[in-house]
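K.L.:
Turn this into a structure:
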Amino acid sequence: MMTLLRHLREDYSILITDDDESCRSCLKDIFEPEGYVTYLASCGREAVEIAKQKFLHLLILDVHLPDFSGFDTFEFIKEEKKFLMPCIFVTADTSKELKMGAIAANAYTLISKPINKEMIKYAVEQSLEKFYWK
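P.N.:
Okay, here's the model as predicted:
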């Protein structure tokens, strides 16, 4: 099944939301060469606006954003889109409370910063397979 997913990556879009421009750029540089379509947002409000305009398959959200939390942003996008899509939270804060918050938000996973390239690629592939290839 992963082989099929590899051939269809251009059919999947990822919204990357992080207030750190270098983190956004790094994630874009990981996924665009793999064939994914990426959209970038620097805050929750911007992410919600992009979600209103674009069809998205996956969210990568920083937990700590300058306006809304990543958890709130995820809730706003779910409300806007009217369906649950996979969400991977990223954060430098790996406290138990944040891990519990990610579980409560129904996120696919929580990845700590600095982000390991292979780990995030694996998480994206697994979440897309789980949500779209059941």
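K.L.:
got the contact list for the residue nearest to residue 91 when sequence neighbours are not counted?
P.N.:
The spatially closest residue to residue 91, leaving aside those adjacent along the chain, is residue 63, at 4.0 Å (C-beta to C-beta, 6 or more residues apart in numbering). Heads up, the C-betas are built off the backbone N, CA and C, glycines and all. Residue 63 makes contacts with 69, 70, 71, 89, 90, 91, 93, 98, 101, 102, 110, as judged by C-beta atoms under 8 Å, 6 or more residues apart in numbering.
K.L.:
Keep only those of those that are in helices.
P.N.:
Those of these mapping onto helices are 70, 71, 98, 101, 102, per DSSP state H.
K.L.:
Most neighbours of all those residues, which one?
P.N.:
Of all the ones in helices among the contacts of residue 63, the most densely surrounded is residue 70 (28 neighbours; neighbours counted as other C-beta atoms under 10 Å).
K.L.:
how close does residue 93 sit to residue 46?
P.N.:
Per C-beta to C-beta, to the nearest Å, residue 93 is found 22 Å from residue 46.
K.L.:
Compare the two and say which one has the larger neighbour count.
P.N.:
Neighbour totals were compared for residue 93 and residue 46, and residue 46 leads with 18 against 12 (other C-beta under 10 Å).
K.L.:
Where does that one sit, in terms of helix or strand?
P.N.:
Per DSSP states H and E: residue 46 is located in helix 44-53.
K.L.:
Which secondary structure elements does that helix sit against?
P.N.:
Packing partners of helix 44-53 (3 or more C-beta pairs under 8 Å, 6 or more residues apart in numbering; DSSP states H and E): strand 13-17, strand 37-41, helix 70-81.
K.L.:
ok, then the element right after that helix?
P.N.:
Next along from helix 44-53, by DSSP H and E: strand 58-62.
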